[in-house]
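[1] okay, predicted coordinates and the sequence, questions at the end:
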There are 2 protein chains.
Amino acid sequence: MARRPRNNGSLQELADRLHSAAIHILRLLRGQDSKTGIGPAQLSALSVIVFAGPISLKDLAGAEQVKAPTMSRIVDALQRAGLVNRLADRQDRRAVLIRATPKGTALLHKGRKRRVEFLASYLERLNYGELKEIEKALKAVQEALQRSPSVNIDRP
Amino acid sequence: MARRPRNNGSLQELADRLHSAAIHILRLLRGQDSKTGIGPAQLSALSVIVFAGPISLKDLAGAEQVKAPTMSRIVDALQRAGLVNRLADRQDRRAVLIRATPKGTALLHKGRKRRVEFLASYLERLNYGELKEIEKALKAVQEALQRSPSVNIDRP
DNA sequence: GGAAATAATTAGCTTAGCTAATTATGGCTC
DNA sequence: GAGCCATAATTAGCTAAGCTAATTATTTCC
């Protein structure tokens, strides 16, 4: 562990600025999501389902930090829209697995592409050195956040 | 504008990773907000009100990317909780200004401090060089996002 | 001065958060 | 093996928060 000349005030200031940047980025990208035709909660849940593969309702609720009844409802809506299916879990008949349909998967990938392209259009104005710095910083941030690698899924 | 050896695919990949990092950070910090006692939409609106000072309902709705009736309701709830006041706007009698109470301001600052301290606790595991890289990258990101400096307020 | 535009609010609907209650299944102890 | 407790999902009821439509009051423009 390297020596750290930064005092706690500066570390907090850096945390503050990182926090602000994250908010700013996501606020910027939020506008792109209306084109998916589903709301934030459904899109977020769909993202987990697509990236994690079939997942129990319980685990999905946990990943989204909501209770099971809430997630049951969100899944209802996704199912009605033809974006996910509910499957019986052979290992545990109390459980149900939620799986994305091809339609759901396509919708999610399209939405994500839209966000990424939009953000890239902002990053384009930076030079090579700046982009390189962002790349390095992202590695550091990823490392810092790796306290619990159990759920490593990003969502919109 | 410096020469840029990065092709569009790599720029998109960087955007994708920046996007993911932003999501990851905010998802991490979200858990701290329940201690404020108000929900995400109210906390976000309160943050704008506190940092921007008294603001019209219309502008607040715009800043939060919701319609006026929605924001009217959110402000109703904040007012009931004693966190904001509605004032007549002397310049335009159609308008109403929303101002944070001392109680609202205190709640917001406490919540923000909680988030920042939590994030700082993760950043603590990084060394000086890594922190410096994050600092530089944040400058670059800030520059990239500065297309519309009109609303430069960060919210939870 | 009058018509059109604008700001805020209310009503009605849907989505999404919670807790409480219920039903079926799984695990553990005797 | 039986019974009890824990667990997973769903439903019901409530509140919060998103939208559109409608209304009222004020401002702006011709």
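    It's in.
[2] could you use CA atoms for every contact and neighbour count after this?
    OK.
[3] and the helices in chain A?
    Remark: helices of chain A, listed N- to C-terminal, are A:8-30, A:40-52, A:57-63, A:68-80, A:102-123, A:128-144; assignment by DSSP state H.
[4] packing partners for the last one?
    Yep, that's helix A:128-144 we're talking about. helix B:8-30, helix B:102-123, helix B:128-144 (3 or more CA pairs under 8 Å, 6 or more residues apart in numbering or on different chains; DSSP states H and E).
[5] now for these, which one comes closest to residue A:115?
    Distance to residue A:115, taken as CA to CA, is lowest for helix B:8-30 among the helices and strands packed on helix A:128-144, at 8.3 Å.
[6] tell me what that closest one is packed against?
    If you count contacts as 3+ CA pairs under 8 Å, 6+ apart, helix B:8-30 packs onto helix A:8-30, helix A:102-123, helix A:128-144, helix B:102-123.
[7] in the first one, which residues are buried?
    In this case it means helix A:8-30. With burial defined by 16 or more other CA atoms under 10 Å in any protein chain shown, the residues of helix A:8-30 counted as buried are A:11-12, A:14-27, A:29.
[8] that helix vs helix B:8-30, what angle?
    120 degrees (axes from the mean of the first three to the mean of the last three CA atoms, to 10 degrees).
[9] helix A:8-30 - what's its average pLDDT?
    Averaging the model's pLDDT scores along helix A:8-30 yields 90.
[10] run the angle between it and helix B:128-144 for me.
    For helix A:8-30 against helix B:128-144, the angle between stretch directions is 40 degrees (the same axes, to 10 degrees).
[11] what would the helices of chain A look like in CSV with distance to DNA strand D?
    CSV is the format used below for the helices of chain A (distance: least, CA to the nearest atom of the strand, whole Å):
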stretch, distance to DNA strand D
helix A:8-30, 11
helix A:40-52, 9
helix A:57-63, 3
helix A:68-80, 4
helix A:102-123, 18
helix A:128-144, 28
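[12] just send the ones you listed back as a markdown table, with distance to residue B:57 too.
    Below are these laid out as a markdown table (distance: least, CA to CA, whole Å):
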| stretch | distance to residue B:57 |
| --- | --- |
| helix A:8-30 | 19 |
| helix A:40-52 | 23 |
| helix A:57-63 | 34 |
| helix A:68-80 | 30 |
| helix A:102-123 | 28 |
| helix A:128-144 | 37 |
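[13] tell me which of the ones you listed sits nearest to residue B:103.
    Going through these one by one, with CA to CA as the measure, helix A:8-30 comes closest at 22.0 Å.
[14] chain A against DNA strand C: which residues are in contact?
    Counting by CA under 7 Å from any atom of the strand, the positions of chain A adjacent to DNA strand C are A:38-42, A:65-71, A:73-74, A:77, A:91-94.
[15] mind running it again at 10 Å?
    Remark: the part of chain A in contact with DNA strand C comprises A:38-45, A:61-62, A:64-78, A:80-81, A:89-95, using CA under 10 Å from any atom of the strand.
[16] now those residues: which count as buried?
    Neighbour counting with 16+ other CA under 10 Å marks A:38, A:42-45, A:61, A:71, A:74-76, A:78 as buried within the residues of chain A next to DNA strand C.
[17] which of these sit farthest apart?
    Using CA to CA, these reach their maximum pairwise distance at A:38 and A:61, which is 18.1 Å.
[18] CA atoms of the least confident helix or strand in chain A by mean pLDDT as PDB?
    The least trusted helix or strand in chain A, going by mean pLDDT, DSSP states H and E, turns out to be helix A:8-30, with a mean of 90. Extracted C-alpha coordinates of helix A:8-30, given in PDB (Å, rounded to 0.1, in the frame of the first residue of the first chain):
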ATOM      1  CA  ASN A   8      -8.800  13.300   4.100                       C
ATOM      2  CA  GLY A   9     -10.200  16.600   3.000                       C
ATOM      3  CA  SER A  10      -8.800  16.300  -0.500                       C
ATOM      4  CA  LEU A  11      -9.900  12.700  -0.700                       C
ATOM      5  CA  GLN A  12     -13.400  13.800   0.100                       C
ATOM      6  CA  GLU A  13     -13.200  16.500  -2.500                       C
ATOM      7  CA  LEU A  14     -12.200  14.000  -5.100                       C
ATOM      8  CA  ALA A  15     -15.000  11.800  -4.100                       C
ATOM      9  CA  ASP A  16     -17.400  14.700  -4.300                       C
ATOM     10  CA  ARG A  17     -16.200  15.500  -7.800                       C
ATOM     11  CA  LEU A  18     -16.400  11.900  -8.900                       C
ATOM     12  CA  HIS A  19     -19.900  11.700  -7.500                       C
ATOM     13  CA  SER A  20     -20.900  14.900  -9.400                       C
ATOM     14  CA  ALA A  21     -19.400  13.600 -12.600                       C
ATOM     15  CA  ALA A  22     -21.300  10.300 -12.400                       C
ATOM     16  CA  ILE A  23     -24.600  12.200 -11.800                       C
ATOM     17  CA  HIS A  24     -23.900  14.600 -14.600                       C
ATOM     18  CA  ILE A  25     -23.100  11.700 -17.100                       C
ATOM     19  CA  LEU A  26     -26.200   9.700 -16.200                       C
ATOM     20  CA  ARG A  27     -28.500  12.800 -16.200                       C
ATOM     21  CA  LEU A  28     -27.100  13.500 -19.700                       C
ATOM     22  CA  LEU A  29     -27.800  10.000 -21.000                       C
ATOM     23  CA  ARG A  30     -31.200   9.700 -19.400                       C
END
